[in-house]
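In: Have a look at this prediction, sequence included:
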Amino acid sequence: MTLHLFLLIVYSVGVIGLGLWASRFVRGSSEFFVGGRSLGPMLLMSSMLAANIGAASTVGVAGKAYQEGISAWWWVGSAGIGSLLFALTVAPALWRLAKAQQFYTTGDYLEFRYGAAIRTCLSIVICVAALTLLAGQLLAGATILKLIVGIPLWAGALVGAAIMTIYFAAGGLLGSAWVNGLQLFVMLAGFLMALPVALEQAGGLASVTRPPGAPSTFATFFHSSGPGSGWMFLVLTAPSFLISPGLIQKAYSAKSEAALKLGIGLNAVVLMAFAVVPVLFGMAARSAVPGIANPNDVLPTFLMTQLPAWLGALALSAVFSTEVDTCDTILFMLSTAISKDVYKRHINPAASDAQLLRVARISAAAGGAAGVILSLVVGTVLGAVTIFYQVMVVTFFVPIVGGLYVHGMSTRAAAASIVAGLLGLLAAWLVITPAFRWADPVLVGLFAAVGAAASVIVAGRGQLAPQET
């Protein structure tokens, strides 16, 4: 047994054990869905970081940095910018509503603001889009296991899904918050210890910023080759961190508004600082191991071949931990949407608390299985996560932010924005962006959503004007 495999086994057993231990404190759906609304700033920060630093933020960003250089910072850096805005604006407003109205899910807010139809529609969107995100996370973990053990991708995805499904289904949000604290420690320790050695192995910072054969913009921070590159990530990731259902539901778990702002704010600062770490790994890999064809293989290949065995094993455990801990956030979105927004709302409104908890756990297991199947057809980690963010922004941004801040935001306006946003995104994917390289699909869909909502609001005011006179 190699040291790499041994550490992964120890880590996996540890997180499963911690999740099962935490399940003793889950006595009802409140602990499962919102952690009993008891999370302090440090636990909330670690839970948010665990959700925000995943496959795309490590494996995906390193692969992008391998291709384009330091401008890959903007993927995680933009998440930090969006998280800071979330901490100061949307999160406190929703937390106050959640506390007063006893919201458990984002769907609870949507029904409170717009009615059951909007809740159901967006719950379906959550389930479909989240499966794509889950597949990307599992693909990253499977790539690591493929390189270490030699097992096929489907088997690696199955192992990763089994680990995160067991500990999340047992402990829910409360259990995953404790597990995320352990995962955060493993991740930061592994990366921070490995980075100086990785830079030295690649020939130092000067060699890393100008490897042979790299594009001339490799060391240009504000470079972008168009949508899905460089500073253009700001358009994609920053808005999504204002309205992500998983992050909103984690925000509900804060024990106070002050804890909420501090916890999410610290998460934002750490994200912006951490953003440079996977970028430097990817750039160092370009210098030390040229010729890697698959961007998913860049980070695990570099850690396995260029670092001392013990340090490479620790760093790979850190990468694997990021994939697993982000998966529990995705299962959180899936299980709460299915159990609370679909089952409780439409199938069995009289469901007891115990029934709701059981359905949530079954939904988590089913979501894990579906993620394994979908991971076999997704292309790259970053591509799968990008699809999730694009769909989330164009469908959720206007109903959530507009519902909080726009006077006259009605159910019809929300419905119009969802339909127009999805149609705009689809048009961008198929026609607009291929013809006009700088036409970002998110901006196209978001402009369509905002325009549709504004048209309905203005039309509604016009209809009311004669009555008012």
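Out: On my side now, so go ahead.
In: Any stretches of the stretch 301-450 of the chain with poor pLDDT?
Out: Within the stretch 301-450 of the chain, the segments meeting pLDDT under 70 span 321-326, 328, 379-381.
In: let me fix that: the stretch 101-250 of the chain
Out: Applying pLDDT under 70 to the stretch 101-250 of the chain picks out residues 167-183.
In: Now do the strands in the stretch 351-469 of the chain.
Out: Assigned strands in the stretch 351-469 of the chain: none (criterion: DSSP state E, counting those that start in this stretch).
In: Now do the helices in it.
Out: Here the stretch 351-469 of the chain has its helices, by DSSP state H, counting those that start in this stretch, at 353-375, 381-397, 403-405, 411-427, 433-435, 441-468.
In: Equivalent analysis for the stretch 101-250 of the chain, please.
Out: Taking DSSP H, counting those that start in this stretch as the test, the helices found in the stretch 101-250 of the chain are 106-114, 116-149, 153-201, 205-209, 233-243, 245-252.
In: Which of those sits closest to Phe222?
Out: Taking C-beta to C-beta, helix 233-243 is the member of these nearest to Phe222, at 10.7 Å. In this view, the C-beta of every residue, glycine as well, is placed from N, C-alpha and C.
In: for the closest one, packing partners?
Out: Of the remaining helices and strands, those touching helix 233-243 by 3 or more C-beta pairs under 8 Å, 6 or more residues apart in numbering; DSSP states H and E are helix 73-88, helix 381-397, helix 441-468.
In: For that helix, which outside residues touch it?
Out: Under the criterion C-beta atoms under 8 Å, 6 or more residues apart in numbering, residues 52, 74-75, 77-79, 81-83, 85-86, 89-90, 227-228, 247, 386, 389-390, 392-393, 396-397, 400-401, 440, 442-443, 446 lie in contact with helix 233-243.
In: Now do the domain split for the protein, please.
Out: Listed domain ranges for the chain are 3-382, 406-469 (source: automatic domain parsing).
In: Just name the most buried of those domains.
Out: domain 3-382 (a mean of 22; mean count of other C-beta atoms under 10 Å).
In: and the end-to-end length of that domain?
Out: With C-alpha to C-alpha, to the nearest Å applied, domain 3-382 spans 28 Å between its terminal residues.
In: sorry, back to before: with Ala142 as the reference, name the closest of the helices of the stretch 351-469 of the chain.
Out: Across the helices of the stretch 351-469 of the chain, Ala142 has its closest neighbour in helix 353-375 (6.5 Å, C-beta to C-beta).
In: what angle sits between the closest one and helix 381-397?
Out: On the basis of axes from the mean of the first three to the mean of the last three C-alpha atoms, to 10 degrees, helix 353-375 is oriented at 130 degrees to helix 381-397.
In: returning to what we had before: possible to save the helices and strands packed on helix 233-243 as a markdown table with distance to Thr329?
Out: Shown next, in a markdown table, are the helices and strands packed on helix 233-243 (distance: least, C-beta to C-beta, whole Å):
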| stretch | distance to Thr329 |
| --- | --- |
| helix 73-88 | 13 |
| helix 381-397 | 12 |
| helix 441-468 | 21 |
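In: With only the CA atoms kept, save stretch 352-363 in PDB.
Out: In PDB, the C-alpha atoms belonging to stretch 352-363 read as follows (Å, rounded to 0.1, in the frame of the first residue of the first chain):
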ATOM      1  CA  SER A 352     -44.100  14.400  10.500                       C
ATOM      2  CA  ASP A 353     -40.700  15.700  11.500                       C
ATOM      3  CA  ALA A 354     -39.400  12.100  11.500                       C
ATOM      4  CA  GLN A 355     -40.800  11.400   8.000                       C
ATOM      5  CA  LEU A 356     -39.200  14.600   6.700                       C
ATOM      6  CA  LEU A 357     -35.900  13.700   8.100                       C
ATOM      7  CA  ARG A 358     -36.100  10.200   6.600                       C
ATOM      8  CA  VAL A 359     -36.900  11.600   3.200                       C
ATOM      9  CA  ALA A 360     -34.000  14.000   3.400                       C
ATOM     10  CA  ARG A 361     -31.600  11.200   4.100                       C
ATOM     11  CA  ILE A 362     -33.000   9.000   1.300                       C
ATOM     12  CA  SER A 363     -32.800  12.000  -1.100                       C
END
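In: Return the distance of it from the chain's centre.
Out: Averaging C-alpha positions (C-alpha atoms, centre = their mean, to the nearest Å) puts stretch 352-363 24 Å from its chain's average.
In: what do you get for stretch 350-364?
Out: Worked out by C-alpha atoms, centre = their mean, stretch 350-364 lies 24 Å from the chain centre.
In: Check stretch 352-366 too.
Out: 22 Å.
In: so Pro245 touches Lys340, yeah?
Out: No: with contact defined as C-beta atoms under 8 Å, Pro245 does not count as touching Lys340 (11.4 Å).
In: which residues are in contact with both of those two?
Out: Common neighbours of Pro245 and Lys340 (criterion: C-beta under 8 Å, 6+ apart): Thr105, Gly107.
In: quick one: contacts for Pro196?
Out: Counted by C-beta under 8 Å, 6+ apart, Pro196 has zero contacts.
In: Distance of it relative to Phe274?
Out: 15 Å (C-beta to C-beta, to the nearest Å).
In: ditto for Ser339
Out: Separation of Ser339 from Phe274 (C-beta to C-beta) stands at 33 Å.
In: what do you get for Met45?
Out: Using C-beta to C-beta, Met45 is found at 12 Å from Phe274.
In: which residue sits closest to Val342, ignoring its sequence neighbours?
Out: Sequence neighbours aside, Ser123 is the residue nearest to Val342 in space, at 5.9 Å (criterion: C-beta to C-beta, 6 or more residues apart in numbering).
In: Now do the phi/psi pair for Ser352.
Out: In terms of degrees, to the nearest 10, the main-chain angles of Ser352 are phi -70, psi 170.
In: So it versus Leu443, what's the distance?
Out: Distance, Ser352 to Leu443, using C-beta to C-beta: 46 Å.
In: now swap in Gly60 and tell me
Out: Distance, Gly60 to Leu443, by C-beta to C-beta: 21 Å.
In: do the same with Ile338
Out: Using C-beta to C-beta, Ile338 is found at 31 Å from Leu443.
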